[in-house]
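quick one, fold the following:
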Amino acid sequence: MLKAIFTERLLFLLWYCLLVAILLPQMFYYIYQIFPFALFIYTLSLLVGIFVLFRFFLFFRKSLFILLIFFFFLLTIFSSFWSVNPVASFSNGFIFFLQILPIAIFSFSFEKPKKLLTNTAFFLLFLGFLSSFFLLFLLGWKGLISFFSFKNVELLNGISYFFSRLIFGNPNCLAFWLFITISFTIFVLIQAQNKWLFFLFLLPQPIVFFFTFSRATLISLFSFLVCFFFILKNEKKLLILVFVIFIGLLLITFSGWRSKGIIPVSGISGRMEIWKLGLQFWKENLILGKGFATSPWLLWEKVQNVHFHNNFLQIGAELGVFGFLLYLFLWIYPIRIGLRKLNENKMSENVVPLAFILSFEFAIFLNSFFESLITYPPFPFFPAIWFFLTTLLVNPYFP
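Alright, predicted model coming up:
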């Protein structure tokens with residue numbers, strides 16, 4: 001009787017509502033400041049979250065992996081007791097618990113995980129296309145010509161600033177969003193019958209990606225494609241090879257932009273200073289850390305930055321050894337399961353979704369050494385996607 005209530009259509013509707021509730025505040029930060037809109041988003045998250053938790057406790061409550069994720073999010077909330085900013089730790093930990101835990105539970109317990117992955121890929125493909133097309137439409141053909149001709153460095157920087165502030169408010173965030181949508185679009189494209197149609201959906205996304213000048217995310221996209229290329233079966237490799245060459249040319253182009261002064265050269269040296277501070281903060285409170293989401297208060301006065309540009313270091317500094325070990329387990333265990341499943345499904349079509357998720361995990365892992373985009377609370381959609389794919393690997397029905 002109870003299972004009849006949780007129909008597939010209802011579950012997919014809840015899934016899309018949850019994704020939109022997490023994405024909208026991050027994508028349109030300034031609109032989100034309107035109180036009724038913020039209240040609506042959190043109410044929607046709360047209702048869907050309660051529904052998902054209720055379903056989980058009815059049918060899937062024995063999962064040790066979900067229990068560890070649950071403890072990880074509880075730690076983010078309870079860190080407010082020893083935090084340097086208790087209000088920030090509690091509120092941000094609660095938001096993570098409210099929005100991202102249901103994502104992980106939903107991903108783990110869905111009985112048709114392959115369909116969930118495919119539908120989510122179509123959903124993100126469409127949103128990536130819309131956001132990119134919208135930005136290109138606002139820019140117009142004159143801006144594009146000026147950009148590709150390298151005639152006006154000031155204009156190029158202006159375009160980059162305009163794009164990054166209009167959506168997501170930060171060039172690295174916009175780049176990471178496009179990395180996600182491009183990856184999912186490629187996943188759909190290589191399995192589609194009508195490849196030209198989905199290629200048209202893909203086309204505007206890397207064009208907008210150029211304007212972000214995000215080197216770390218470009219390396220992530222390149223590593224995703226290379227990993228995808230080596231895992232896939234022979235008949236899929238030709239298409240991925242085209243993308244690898246394309247992104248390789250992008251890397252060369254970025255080097256040219258750097259020589260023209262469009263891309264700053266001080267990125268690594270600035271990050272080194274932040275990483276040293278992160279290690280210092282971690283040593284000050286080795287076991288428990290400084291409290292979740294406290295990096296803005298720790299860093300701003302010293303280096304005018306708001307996160308540690310390293311996911312692992314950020315978790316260590318904020319949640320100490322306990323949080324770091326839990327976070328490390330959330331990486332190692334699903335990938336181990338995924339590699340075992342990949343070995344078992346080498347000769348079947350299931351190799352494509354498995355190769356996609358493992359390649360995506362590899363790319364995120366590399367990105368984690370230069371950015372903190374999946375552990376920084378103002379960007380909840382990015383950890384939501386990571387937890388979605390990570391728990392999908394552990395889902396007993398997957399692939």
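
excluding its backbone neighbours, what's nearest residue 8?
Among residues not flanking residue 8 along the chain, residue 112 sits closest, at 7.2 Å (Cβ to Cβ, 6 or more residues apart in numbering). Heads up, the C-betas are built off the backbone N, CA and C, glycines and all.

typo on my end, it should be residue 351
Using Cβ to Cβ, 6+ apart, the closest residue to residue 351 is residue 345 (5.5 Å).

state the distance from that neighbour to residue 240.
18 Å (Cβ to Cβ, to the nearest Å).

out of the two, which sits in the more crowded spot?
The residue with more neighbours, out of residue 345 and residue 240, is residue 240; 23 against 16, by other Cβ atoms under 10 Å.

what's the average pLDDT for the helix or strand where residue 296 lies?
Applying DSSP states H and E as the criterion places residue 296 in helix 295-303. Per-residue pLDDT over helix 295-303 has a mean of 80.

what ranges of the protein fall below the confidence cut-off?
The chain contains residues with pLDDT under 70 at 1-6, 28-62, 139-166, 169, 233-239, 241-242, 246-269.

apply 50 and report the result again.
1-2, 147-153 (pLDDT under 50).

domain ranges for it?
1-109+270-399, 122-265 (automatic domain parsing).

residues contacting residue 321?
Residues in contact with residue 321 (Cβ atoms under 8 Å, 6 or more residues apart in numbering) are 286-287.

my bad, residue 287
With Cβ under 8 Å, 6+ apart, residue 287 has these contacts: 320-322.

one more: residue 89?
76-77, 79-80, 83, 291-294 are the contacts of residue 89 under Cβ under 8 Å, 6+ apart.

in the helix holding residue 296, what's buried?
Across helix 295-303, burial judged by 16 or more other Cβ atoms under 10 Å covers 295-296, 298-299.

next helix or strand past it?
With DSSP H and E, the next secondary element past helix 295-303 is helix 311-344.

what does the helix or strand just after that next one rub up against?
Going down the chain from helix 311-344, the next helix or strand is helix 351-367, by DSSP H and E. The contact list for helix 351-367 (Cβ under 8 Å, 6+ apart) reads 114, 117-118, 176, 179, 183, 187, 190-191, 216-217, 219-221, 223-225, 227-228, 231-233, 236, 331, 334-335, 338-339, 341-342, 345, 373-374, 386, 389-390, 392-393, 398-399.

and with 7 Å instead?
For helix 351-367, the surrounding residues in contact (Cβ atoms under 7 Å, 6 or more residues apart in numbering) are 114, 117, 183, 187, 190-191, 216-217, 219-221, 223-224, 227-228, 231-233, 236, 335, 338, 341-342, 345, 374, 386, 389, 392-393, 399.

please save the CA atoms from it in PDB.
C-alpha atoms of helix 351-367 as PDB (Å, rounded to 0.1, in the frame of the first residue of the first chain):
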ATOM      1  CA  VAL A 351      30.000   0.500 -19.000                       C
ATOM      2  CA  VAL A 352      28.900   3.900 -20.200                       C
ATOM      3  CA  PRO A 353      27.100   5.200 -17.100                       C
ATOM      4  CA  LEU A 354      29.800   3.600 -14.900                       C
ATOM      5  CA  ALA A 355      32.600   5.200 -17.000                       C
ATOM      6  CA  PHE A 356      30.800   8.500 -16.900                       C
ATOM      7  CA  ILE A 357      30.500   8.600 -13.100                       C
ATOM      8  CA  LEU A 358      34.000   7.400 -12.400                       C
ATOM      9  CA  SER A 359      35.500   9.900 -14.900                       C
ATOM     10  CA  PHE A 360      33.400  12.700 -13.300                       C
ATOM     11  CA  GLU A 361      34.700  11.600  -9.800                       C
ATOM     12  CA  PHE A 362      38.300  11.700 -11.100                       C
ATOM     13  CA  ALA A 363      37.800  15.200 -12.500                       C
ATOM     14  CA  ILE A 364      36.200  16.400  -9.200                       C
ATOM     15  CA  PHE A 365      39.100  14.900  -7.300                       C
ATOM     16  CA  LEU A 366      41.600  16.900  -9.300                       C
ATOM     17  CA  ASN A 367      39.600  20.100  -9.000                       C
END
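
what angle separates the helix or strand that it is followed by from helix 311-344?
Next along the chain after helix 351-367, taking DSSP H and E as the criterion, comes helix 381-394. Interaxial angle, helix 381-394 versus helix 311-344 (axes from the mean of the first three to the mean of the last three Cα atoms, to 10 degrees): 30 degrees.

the residue nearest to residue 8 and residue 398, how far apart?
Residue 112 is 9 Å from residue 398, by Cβ to Cβ.

do the same with residue 322
29 Å.

and these two? which has more neighbours close in?
Shown here are residue 322 and residue 398; by other Cβ under 10 Å, residue 398 has more neighbours (23 against 15).

nearest spatial neighbour of the more buried one, skipping sequence neighbours?
residue 113 is the one closest to residue 398 (Cβ to Cβ, 6+ apart), at 4.0 Å.
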